[in-house]
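[1] Predicted model, plus sequence, below.
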Amino acid sequence: AKRIVLAQRPQGTPTLDCFRFETVDLPPLEDSQVLVKTLYLSVDPYMRGRMNDVKSYVPPYRLNEPITGGAVCEIVESKAEHLRPGDVVLTQTGWQTHAVVPGAKVQKLQPAPEPLTLALGLLGMTGLTAYFGLIDVCDPKPGETVVVSGAAGAVGMVVGQIAKILGCRAVGIAGSDEKVRFLTEELGFDAAVNYKSPTFAEDLKQACADGIDVYFDNVGGTVSDEVLKRINEFARISLCGQIALYNLDKPDVGPRPGPLLLTRKAKMQGFIVGDYAPRFPEGLQKLQTWFNEGRLKSRETVIEGFDQTIDAFLGLFTGVNTGKLVVKVS
Ligand code: NDP
């Protein structure tokens, strides 16, 4: 089996030498274990946080151990009663071509979604993040203006589409004109703006003529500074991600939002999707229904080849992806 381990902890932006490819022999199966072959693996921004040796909501990756995370795998061999060779499963085996894992730690995809990559995106972790982070944390009402940053990414594209389903006005912020067109022309966002444009502040103001009632923040940093200037009274802000800050080696001091939040009586709340695990069936059922009805669309960027995994991951920080970024392994 081939796998990628964390060779050293990144300082700032991760570099290739933070990782190492290894080839290992897998142990024979013990009772209740399965041998899986990775079909698709997920690269996610949260993985950057786990590369730091700090206390967080999940333990840090260990040095010289594989980078774990979501993957869609096929069972090759099974000593677990409920799993058969050929079954397609969701695992946390991450950046490995094959792995031996307890059968109880894999989840059979029954039926397997078409395409399979949906299980890592719209009908998986990132779709659920959009669902609970928008509906539960922000409580959007019909007619309100919902702004989402990182809008053309895995979580963001779903947030804006759910906002539309709920009768809100959806405004996306993304990093290229092509992504802006994708949001408005393909996903039905009411407006979208490019934060890299010199006219970003003015464009955002025009796109949110009635102010901003809900802000779903995937990126933080200067993009969010600009959004917060335009929030309405009683705005709800969910902190989903802060990707603009993940690679900083020193804390960043921007405009402090306290006075704005205070005077506009706004509420800002962080959340972690894993805390909603007991309600995942509810979320998945809703997402699946909207997807079947054609009201939720998915986009994926699929990078071919296990050897491309590190480049794919680093590409999250330069915006190579539109929609969910996955690596096709076999
Ligand atoms: P995306 O698919 O959105 O990929 C990341 C995107 O971030 C890139 O495509 C890029 O798009 C954008 N980006 C990168 N650097 C910057 C920057 N400096 N400023 C602004 N935008 C930037 O990833 P996900 O949808 O998987 O995750 C989105 C966010 O949600 C992340 O911050 C992640 O950590 C968080 N998250 C949180 C969860 C939770 O439970 N709270 C669960 C899952 C994800 P562009 O071209 O537009 O710059």
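    It's in. Numbering: from 1, shown residues only.
[2] residues in contact with Gly160?
    146, 148, 151, 170-172, 183, 187, 189 (Cβ atoms under 8 Å, 6 or more residues apart in numbering). Using the backbone N, CA and C atoms, a C-beta is placed for each residue, glycine as well.
[3] Mark which of the residues you listed are part of strands, please.
    146, 148, 170-172 (DSSP state E).
[4] what does the protein put close to the ligand?
    With Cβ under 6 Å from any ligand atom as the criterion, the chain comes near the ligand at residues 44-46, 126, 129, 150, 152-156, 174-176, 179, 218-219, 221, 223, 240-241, 243-244, 271-273, 316-317, 319, 321, 325.
[5] In helices, which of those residues appear?
    Secondary structure assignment by DSSP state H places 46, 126, 129, 154-156, 179, 221, 223 of the residues of the chain next to the ligand in helices.
[6] Now do the same for stretch 318-330: mean pLDDT, whole number.
    Averaged across stretch 318-330, pLDDT comes to 98.
[7] now swap in stretch 195-215 and tell me
    In this model, stretch 195-215 has a mean pLDDT of 98.
[8] Neighbours of Glu114, how many?
    7 (other Cβ atoms under 10 Å).
[9] what helix or strand is it on?
    Per DSSP states H and E, Glu114 falls between elements, in no helix or strand.
[10] Per-residue confidence, it, what does it come out as?
    95.
[11] same thing with Tyr246?
    Taking Tyr246 on its own, its pLDDT is 96.
[12] and the residue nearest to it when sequence neighbours are not counted, what are its phi and psi?
    Distances taken as Cβ to Cβ, 6 or more residues apart in numbering put Arg48 closest to Tyr246, at 4.6 Å, once the chain neighbours are dropped. As for Arg48, its main-chain torsions (degrees, to the nearest 10) stand at phi -60, psi -40.
[13] Tell me which residues touch Arg48, please.
    By Cβ under 8 Å, 6+ apart, the contact set of Arg48 is 10, 14, 246-247, 317.
[14] so which of these comes closest to the ligand?
    Using Cβ to the nearest ligand atom, the shortest approach to the ligand within the contacts of Arg48 belongs to Phe317, at 4.9 Å.
[15] Count the residues that sit near the closest one.
    15.
[16] now swap in Lys37 and tell me
    Using other Cβ under 10 Å, Lys37 has 18 neighbouring residues.
[17] Doesn't it belong to a helix?
    No - counting by DSSP: H, G, I helix; E, B strand; the rest coil, Lys37 is located in no helix; its state is strand.
[18] Bridging across strands, which residues link to it?
    Glu74, His98 (DSSP bridges).
[19] what's the most distant pair in the ones in strands among the contacts of Gly160?
    The most widely separated members of the ones in strands among the contacts of Gly160, counting by Cβ to Cβ, are Val146 and Gly172 (9.5 Å).
[20] end to end, how far does stretch 218-237 reach?
    Taking Cα to Cα, to the nearest Å, stretch 218-237 runs 11 Å from one end to the other.
[21] Offset the numbering so it begins at 47, please.
    Happy to do that; since the first residue is 47 now, the last one works out to stretch 264-283.
[22] mind checking how far that stretch is from the chain centre?
    Distance, stretch centre to chain centre, for stretch 264-283: 20 Å (Cα atoms, centre = their mean, to the nearest Å).
[23] now do stretch 218-238
    Its chain's C-alpha centre and that of stretch 218-238 lie 18 Å apart, by Cα atoms, centre = their mean.
[24] contacts for it?
    193-199, 202-203, 206-207, 210, 215-217, 239-243, 250, 253-254, 265, 269, 273, 343, 345, 365, 368.
[25] Now stretch 202-212: buried residues?
    202-210, 212 (16 or more other Cβ atoms under 10 Å).
[26] cool, and stretch 131-147?
    So, applying 16+ other Cβ under 10 Å, buried residues of stretch 131-147: 133-137, 139-147.
[27] got it, and stretch 358-376?
    Judged by neighbour count using 16+ other Cβ under 10 Å, the buried positions of stretch 358-376 are 358-362, 365, 367-375.
[28] Pull the most distant pair out of those residues.
    The span of the buried residues of stretch 358-376, defined through Cβ to Cβ, is set by Gly365 and Val375 at 23.0 Å.
[29] In the stretch 247-376 of the chain, which residue sits nearest the ligand?
    For the stretch 247-376 of the chain, Cβ to the nearest ligand atom, closest residue to the ligand: Gly287, 1.8 Å.
[30] all strands of the stretch 147-296 of the chain, in order?
    Applying DSSP state E, counting those that start in this stretch to the stretch 147-296 of the chain gives strands spanning 153-154, 191-195, 215-220, 237-240, 258-263, 277-285.
[31] Could you export those as a markdown table, including mean neighbour count and distance to Pro73?
    What follows is those, written out as a markdown table (neighbours: other Cβ atoms under 10 Å; distance: least, Cβ to Cβ, whole Å):
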| stretch | mean neighbour count | distance to Pro73 |
| --- | --- | --- |
| strand 153-154 | 13 | 22 |
| strand 191-195 | 30 | 44 |
| strand 215-220 | 28 | 45 |
| strand 237-240 | 23 | 50 |
| strand 258-263 | 27 | 44 |
| strand 277-285 | 19 | 41 |
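[32] just so I know, which of those lies nearest Gly300?
    The closest of those to Gly300 is strand 258-263. By Cβ to Cβ, the value is 13.1 Å.
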